[in-house]
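Chemist: model this:
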Amino acid sequence: MANSIANSIERLGSSTAISARDMSTLPVNGRNFNSLVDLSPVSNGNSLLGQLFSSTNYTIDGMTNRSPLSSGATNRGPFSISMEAIREFEVLTNDYDVANGRSGGGIISAVTKTGTNEVSGSAFLFNRADWLASKYDIRGNLRNNEFAIQQYGVTLGGPIIKDKLHYFIAYDGQRDAQPLFIADIQTPQDEARFNISRESLDRYLQISRSKYGVADSPQTGSFDKLRYTHTAFARLDYQINPSNLLTVRNNFSWDLNSQGVNDNTSINLYEVYGDHLSKANSLMASLRTVLAPNLTNEVKLQYLYVLDDGRPSNQLPSENIPRAIVQNVRSELDGRVANTNIQLGGQRYLPERFESHVYQLVNNLYYNKGKTNYTFGADLLLNKLTSLATSEFNGRFFFTGLDNFDNLRPFRYAREVAVVDPTVKQNIFGGGIYAQADSDLGSGMSLILGLRGDYTTYQNAPNFNQTVFDELGLGTDVKTGGFQIQPRVQFTWDINERQTDVIRIGAGVFGSALNNYTDVNNLQFDGTKIVAVDITGAAVPTPDFVSYRNDPSTAPGVELLNLPGVSPVTTINMNSEDLKVPTVYKGNVMYNKIINNRLRVGVNFIASLARNNYMYLDRNMVDEPYFRLANEGNRGVFVPAETISTTNGNADWTRGRKTTEIGRVLELVSEGRNNTFTAVVDASYRYFKDGQITASYTWNDSKDNTSFNGNVANSATLFQMVVDDPRDLSTMSYSNGQFRKKVVMYGTLPTFKGITVGVRYSGIGGTRYSLRVNGNVNGDFVNSNDLAFVFDPNAPGVSETMREAMQNVLNNPDNLAKSYLQNSLGQVAARNGGENGYFGFWDIRMTKKFFLNKDRKSGFELGADIFNVANMLNKEWGTSKNLGNQNLMTLRNFDPVTRQYIYEVNPNVGVVNPGGTPFQVQISGRVFF
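Modeler: Residues are numbered from 1 along each chain as shown. Here you go, the predicted model:
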């Protein structure tokens, strides 16, 4: 242990490393090495140090494994490489090595296994059978659908030529059967969670089937859902001569996620859920050459192919059909009125297809002179991306309430229509050069000084749109990119060179990455490929979903422009002339006390400041509001009061444009900021034989002015909670990725008679949510991003209806948002002003090896895992009670005399739908030799 601590000094405070032994002894739900990211004290999902998901880089053997399209790893499946092929997994967050690029938040890194001079292999099965899982769902209701996961595979490695040529191969497959829940109402508590009664839902379904062609098969409830995943890995290592080592490896992954693509309405019928196929293949070759005793060169070349293919449900035509979104579906629950929104038909994303060919060349030259190690390198990456994105192409009807839905009376119809092939082709180049000196200063002190420069260019320019330029003075043909200088420094002091007290101070600049999907948007929506309609009033077409299902081409489209009073409202997505690649400024101060050869305690203070994060702002929205809501803190409304519907309160965003020649003009800007400050206390203790435990406590504070991570441009405004003007990014508030505290513990008991027990615990608290309005208060096109004004029931001028409704909400014992509400009385609720509690989960794994010969190299292993141990003891335990954004108000109407909106209060605001996964027992077997 003393040696292991001494050898890990360079990692202290910089990263979280998980060895192959850890991966085999710890419980890893899904055997997905990415799930081990949760063991990092500074992670929240795949967000590191509070930064955007797109600021996290992914590498395998030092080469990119990041999605060429957006954020995350290349494969959208549960794993992109077999865990059997991983030698070491690491989460790097405060490592100032200049070889680490495109990683503002950090890097999730894996290093693969190699063959040896001894032939070895294994065959394994991990089985979470239905009878081994809880008979209840996470809400405590009896479960009716299959809940089982089987993972299976083989490994084989050894010599082809001893001491010369070695191989290692691994195959991993998975069959995943987990229930899909859609408005699964079994109890009155479920009605409150979904804000709809069984009676209202049944009426909605009856109308959907009789008038909109929805299938007679179940559309809500719990459903069997299957997902299949396969990975195959192969590696060859050839020691050509004492000076040259050639490595060639290939990694293939395939994942089919049936019913895995949802939409953003509160309740989506089963037919809305689409399928997603993800494929990726990485072929890499590297040559490491010893040029001299103090000079080594390593060159790596990778070809990466990635395919993402999304398809509509098999209940719909492959071209997809329009959506029907019914808003304000009312129900009476326990004497109070509740509202929700329900969707049938197609969805906003599908079909879609993204195909990438990525070429990467990395060369590192390592030179040692005296007490200094030098690194000189280059990292060149070319991404050739072909994209067919059909967001909003299928059209959408909006209805107010079930009566209008029953009578085929939508109040709005909107659609984007491609007039030419909307497929986009892109060439994206990223090149980095870097140099670094790592010097031993003596007396236990070392200093790393490095400089990295990254040049990024998106080589395809959108078309110039003359109308946008004439009307708004904006050029749509702006290409993006830039050059980032990134100096980095790290000082380490092993006090008195005793390896007992270690101080490290580091600081540096880290270039992140733009989400490539934004460039897809801006090339596609330049106004020359797509036209749009957005109609309200008498010109809205009468829906005929039976016809759309039989022939999707009959859905209303460009012919609507021939109607009197209907003009195009074509959406424009474009780059700002000042658009920059995001940058993160990082620094940390760490102290570690190595008390003895078994115990280490450390503390780490980290600052992570992001600048130039990206966000879309509407440049065709009038600069100032037409009027203000005096009873809602004087918040602004950006459409004239006389244009707001007096039957349902709908604010027609098209009346708030600067010019009627075009629709929304969403400009991608670099005005996003994030300030995250983190403190970590951690310890490692080897208490007896090979028994050890690692624990950490994290305090975190993350604030930003936008948490937009990329992808569809409309999403930037759909989820950015605002008071009134969505272009106002002056206020810093808690980010969507904020958490206040996190506790992680993992370790193993001492091995006893071949039995190994591994335990893992992870808990997080203080995540955030907002109170919002179900409706478009500010008239900005979006009906899901307006923060709610929280009416004070004790304030003068508040109607008796509102007073009673708000008092009932505040008195509701099941309302977890009570304190957020009380702190917001008489004002617009703060963005992410709600704080969730703390929730954690325990997992445990036990294995026993049986050896078949004296050399203990062959035998078999039996194992058992329990995931969510607490839930196994009590079905009420082991659940999270985290709230997402809550609809406090539903916009019902508008009073033109008082110029005030009329709202209904959601009586079930703050009522949580429990999260997590019920306990599962996994049994496993492995034969090895």
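Chemist: how about residue 301: which residues does it bridge to?
Modeler: residue 285, residue 361 (DSSP bridges).
Chemist: what's the distance between it and residue 114?
Modeler: Distance of residue 301 to residue 114, computed by C-beta to C-beta, to the nearest Å: 18 Å. For every residue, glycine as well, the C-beta is placed using N, CA and C.
Chemist: show me where the stretch 1-150 of the chain has helices.
Modeler: Remark: helices assigned in the stretch 1-150 of the chain by DSSP state H, counting those that start in this stretch are 2-7, 20-25.
Chemist: compare the mean pLDDT across those and name the weakest.
Modeler: Lowest mean pLDDT within the helices of the stretch 1-150 of the chain: helix 2-7, a mean of 51.
Chemist: and residue 741, how far from residue 765?
Modeler: Distance, residue 741 to residue 765, by C-beta to C-beta: 5 Å.
Chemist: tell me, what's touching those two both at once?
Modeler: residue 838 (C-beta atoms under 8 Å, 6 or more residues apart in numbering).
Chemist: show me which of those two is the more surrounded one.
Modeler: residue 765 (17 against 13; other C-beta atoms under 10 Å).
Chemist: in the sheet, who's paired with the more buried one?
Modeler: For residue 765, the beta-bridge partners are residue 741, residue 838 (DSSP bridges).
Chemist: which residues of the stretch 601-750 of the chain score low on pLDDT?
Modeler: Within the stretch 601-750 of the chain, no stretch has pLDDT under 70.
Chemist: quick one: the helices in it?
Modeler: Taking DSSP H, counting those that start in this stretch to define them, one finds helices in the stretch 601-750 of the chain at 713-718.
Chemist: same thing with the stretch 301-450 of the chain?
Modeler: 401-406.
Chemist: in its sheet, which strands sit next to whatever helix or strand residue 894 lives in, and in what direction?
Modeler: Secondary structure assignment for residue 894, by DSSP states H and E: strand 886-895. Under the criterion DSSP bridges, strand 886-895 sits next to strand 771-774 (parallel), strand 900-905 (antiparallel) in its sheet.
Chemist: in CSV, list those along with mean neighbour count, mean pLDDT and distance to residue 73.
Modeler: Shown next, in CSV, are these (neighbours: other C-beta atoms under 10 Å; pLDDT from 0 to 100; distance: least, C-beta to C-beta, whole Å):
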stretch, mean neighbour count, mean pLDDT, distance to residue 73
strand 771-774, 25, 96, 31
strand 900-905, 21, 97, 42
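Chemist: any idea how far stretch 183-192 is from the chain center?
Modeler: With C-alpha atoms, centre = their mean, to the nearest Å as the basis, stretch 183-192 stands 28 Å off its chain's centre.
Chemist: grab the nearest non-local neighbour of residue 79.
Modeler: residue 32 (4.2 Å; C-beta to C-beta, 6 or more residues apart in numbering).
Chemist: actually residue 49, sorry about that
Modeler: residue 608 (4.2 Å).
Chemist: with residue 727 instead?
Modeler: Nearest one to residue 727, counting by C-beta to C-beta, 6+ apart, is residue 617 at 4.5 Å.
Chemist: residues touching that neighbour, list them.
Modeler: By C-beta under 8 Å, 6+ apart, the neighbours of residue 617 are 666, 667, 669, 671, 726, 727, 729.
Chemist: how far does the helix of greatest length in the chain sit from its chain's centre?
Modeler: Counting residues, the longest helix found in the chain (DSSP state H) is helix 198-211. Computed by C-alpha atoms, centre = their mean, the chain-centroid distance of helix 198-211 equals 34 Å.
Chemist: packing partners of the helix or strand following that helix?
Modeler: Downstream of helix 198-211, the first helix or strand assigned by DSSP H and E is strand 221-223. On a contact count with 3 or more C-beta pairs under 8 Å, 6 or more residues apart in numbering; DSSP states H and E, strand 221-223 meets strand 180-182.
Chemist: name the residues of the following helix or strand past the strand it packs on that are buried.
Modeler: Downstream of strand 180-182, the next assigned helix or strand under DSSP H and E is helix 188-194. Along helix 188-194, these residues count as buried under the neighbour rule (16 or more other C-beta atoms under 10 Å): 189, 190, 191, 192, 193, 194.
Chemist: need the residues that contact the strand holding residue 894.
Modeler: Residues outside strand 886-895 that contact it (C-beta under 8 Å, 6+ apart) are 195, 328, 339, 641, 644-649, 651, 769-777, 783, 788-790, 809, 817, 821, 829, 834, 900-906, 909-910.
Chemist: buried residues, it. List them.
Modeler: So, applying 16+ other C-beta under 10 Å, buried residues of strand 886-895: 886, 887, 888, 889, 890, 891, 892, 893, 894.
Chemist: do the same with stretch 808-827
Modeler: Buried residues in stretch 808-827, counting neighbours by 16+ other C-beta under 10 Å, are found at 809, 810, 812, 815, 816, 817, 818, 820, 821, 824.
Chemist: again with stretch 38-53
Modeler: 38-44, 46-53.
Chemist: can I assume residue 435 is in contact with residue 375?
Modeler: Yes - taking contacts as C-beta atoms under 8 Å, residue 435 lies within contact range of residue 375: 6.9 Å.
Chemist: overlap in contacts of the two?
Modeler: With C-beta under 8 Å, 6+ apart as the test, residue 435 and residue 375 both reach 98, 450.
Chemist: please, where are all the helices along the stretch 451-600 of the chain?
Modeler: 466-472, 516-524, 545-550.
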